[in-house]
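> Give me a 3D structure for the following:
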Amino acid sequence: MLSARSGHIVPAAVISTMQQQQLNISNISSIAEASLEMRMASAILGLCFVLGVPGNLVVLVVLGRRLAGGSFTLWLMLNLAVSDLLTLLTLPVWITALLHGWTFGLVPCKLLSYLNTWSLYTSVLFVTLLSVQRYIQVLYPQRWAELKSVWRRSLLGLVWALGAIMSSHALVQREVSSKRDGFLHCLEHYRWFGEQVFTLLMEILLLFVLPFSIMASLYATLHRKVKKATRSSHRRMKKLVVSIIVVFFIFFIPVHLNNMFTIVAVSWGSNNLLQFSEVIGDITVALTIINSCVNPFLYAFSHRALR
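Take a look at the predicted model:
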């Protein structure tokens with residue numbers, strides 16, 4: 001087989017060799033970018049571990065001492081801190097996997113992925129429940145007072161159970177496979193593109209669209225109906241709850257945008273777009289972990305509200 005280029009006849013074998021060289025150069029470039037991205041992600045995760053674990057432990061101690069008053073808001077924040085801590089305690093494993101590949105086997109891959117996904121869903125649910133509880137307590141205080149303490153505590157158990165069910169797909173989809181860098185990685189494995197699109201769409205819907213819609217509508221109603229808080233303690237607690245929600249979504253928006261980008265890439269069948277999504281994927285996931293180590297500092301700046 002022959003091919004014409006610049007007016008000269010070039011043997012196909014030469015063209016094949018040239019294409020192979022270009023492909024190798026492209027692969028080397030992709031590996032370099034992936035290595036840089038993984039180092040950046042591991043650095044973010046390492047900082048989150050160093051700051052977040054002791055911070056959340058302090059939050060657990062402080063809030064645990066103040067639960068005698070029975071404030072359901074504090075119970076929600078305590079469970080949110082537990083959820084954050086579950087995520088942070090697994091970070092050394094993921095940092096090692098980013099830098100040296102996954103060497104822990106299939107079962108730990110599935111179980112740790114499930115634990116992370118579970119804590120992620122429960123965090124979203126607890127933050128959403130904070131908004132719902134704030135809405136009912138301010139606008140319908142009598143109804144909230146009539147809700148017995150045992151039913152309020154049951155809501156906490158329901159959140160953990162619901163999060164466990166919603167995250168169960170991680171047990172099925174997580175597998176150990178190799179990437180372009182030659183290392184093994186604990187990654188999602190989809191049997192066909194429809195499964196991937198459905199999973200990503202459900203994550204966007206359940207972890208962003210629905211919670212954000214609920215929170216935005218509730219706080220818009222509160223702002224419209226309650227122009228001025230009557231007590232400074234209510235204002236401080238409102239600022240704390242709103243801060244938790246705003247910070248949560250700031251750090252979660254990138255990963256959901258990347259999920260949408262991945263859906264487009266899969267639908268178009270573009271390998272280049274998929275590779276780009278893979279490169280920035282670890283960074284966006286690492287950003288979500290920042291949320292888990294920021295919350296304790298929000299509590300610290302709002303210590304008067306917690307008192």
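> neighbours around Trp151, how many?
Other residues near Trp151 come to 9 when the count uses other CB atoms under 10 Å. The way it works is simple: take the backbone N, C-alpha and C, and place the C-beta from them, glycine included.
> Val241 versus that one, what's the distance?
Distance, Trp151 to Val241, using CB to CB, to the nearest Å: 21 Å.
> who's in contact with Ile253?
Counting by CB atoms under 8 Å, 6 or more residues apart in numbering, Ile253 makes contact with Phe208.
> And the pLDDT at it?
We have a pLDDT of 89 for Ile253.
> Could you measure from Asp282 over to Trp268?
22 Å.
> These two: which has the busier surroundings?
Asp282 (21 against 11).
> how close does the more buried one get to Arg152?
Distance, Asp282 to Arg152, by CB to CB: 38 Å.
> ok, which stretches of the chain are strands?
2-5, 8-11, 174-178, 184-188 (DSSP state E).
> Could you list every helix and strand in contact with the last one?
Okay, so that is strand 184-188. helix 106-139, strand 174-178 (3 or more CB pairs under 8 Å, 6 or more residues apart in numbering; DSSP states H and E).
> now it, how far from the chain's geometric center?
Distance of strand 184-188 from the chain centroid (CA atoms, centre = their mean, to the nearest Å) equals 17 Å.
> re the thing from before, can you redo the helices and strands packed on strand 184-188 as TSV with mean neighbour count, distance to Ile245 and mean pLDDT?
Formatted as TSV, the helices and strands packed on strand 184-188 follow (neighbours: other CB atoms under 10 Å; distance: least, CB to CB, whole Å; pLDDT from 0 to 100):
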stretch	mean neighbour count	distance to Ile245	mean pLDDT
helix 106-139	20	6	90
strand 174-178	16	29	89
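> can you redo these as TSV with distance to Trp192?
TSV is the format used below for the helices and strands packed on strand 184-188 (distance: least, CB to CB, whole Å):
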stretch	distance to Trp192
helix 106-139	20
strand 174-178	15
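> Quick one: closest of these to Ile204.
In terms of CB to CB, the element of those nearest to Ile204 is helix 106-139, at 11.8 Å.
> Just list the residues touching Leu171, thanks.
Taking CB under 8 Å, 6+ apart, one finds 110-111, 113-114 in contact with Leu171.
> do the same with Ala97
103-104, 185-186.
> Go again with 10 Å.
38, 42, 103-104, 109, 112, 176, 183-186 (CB atoms under 10 Å, 6 or more residues apart in numbering).
> Please pick the buried ones from these.
Buried residues within the contacts of Ala97, counting neighbours by 16 or more other CB atoms under 10 Å: 38, 42, 104, 109, 112, 176, 183-186.
> Could I get these in a markdown table, plus columns for distance to Leu91?
Converted to a markdown table, the buried ones among the contacts of Ala97 look like this (distance: CB to CB, whole Å):
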| residue | distance to Leu91 |
| --- | --- |
| Met38 | 14 |
| Ser42 | 9 |
| Phe104 | 14 |
| Cys109 | 15 |
| Leu112 | 10 |
| Val176 | 19 |
| Phe183 | 18 |
| Leu184 | 19 |
| His185 | 16 |
| Cys186 | 14 |
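> returning to what we had before: so which of the contacts of Leu171 comes closest to Arg66?
Nearest member of the contacts of Leu171 to Arg66, counting by CB to CB, is Tyr114, at 31.8 Å.
> residue contacts, Leu273?
Contacts for Leu273 (CB under 10 Å, 6+ apart) come out as 261-262, 264-267.
> So among the residues you listed, which ones count as buried?
For the contacts of Leu273, buried by 16+ other CB under 10 Å: 261-262, 265-266.
> Taking the contacts of Ala97, tell me the two that lie furthest apart.
Ser42 and Val176 (18.7 Å).
> how about the helices in the stretch 151-300 of the chain?
Under the criterion DSSP state H, counting those that start in this stretch, the stretch 151-300 of the chain carries helices at the ranges 169-173, 193-204, 210-225, 232-268, 271-301.
> Of those helices, flag the one that's most buried.
helix 271-301 (a mean of 19; mean count of other CB atoms under 10 Å).
> any idea of the mean pLDDT in it?
pLDDT averaged over helix 271-301 gives 79.
> one step back: closest to Ile165 out of the helices and strands packed on strand 184-188?
Among the helices and strands packed on strand 184-188, helix 106-139 comes nearest to Ile165, with 8.9 Å by CB to CB.
> now the helices of the stretch 151-300 of the chain in CSV, with distance to Glu146?
Conversion of the helices of the stretch 151-300 of the chain to CSV gives the following (distance: least, CB to CB, whole Å):
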stretch, distance to Glu146
helix 169-173, 38
helix 193-204, 35
helix 210-225, 20
helix 232-268, 20
helix 271-301, 29
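> Low-confidence stretches in the protein?
1-35, 68-70, 180-181, 226-237, 299-307 (pLDDT under 70).
> picking that back up, same list, the contacts of Leu171, but as a markdown table with distance to Pro254 please.
Formatted as a markdown table, the contacts of Leu171 follow (distance: CB to CB, whole Å):
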| residue | distance to Pro254 |
| --- | --- |
| Lys110 | 25 |
| Leu111 | 26 |
| Ser113 | 20 |
| Tyr114 | 23 |
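> Okay then, goodbye and thanks.
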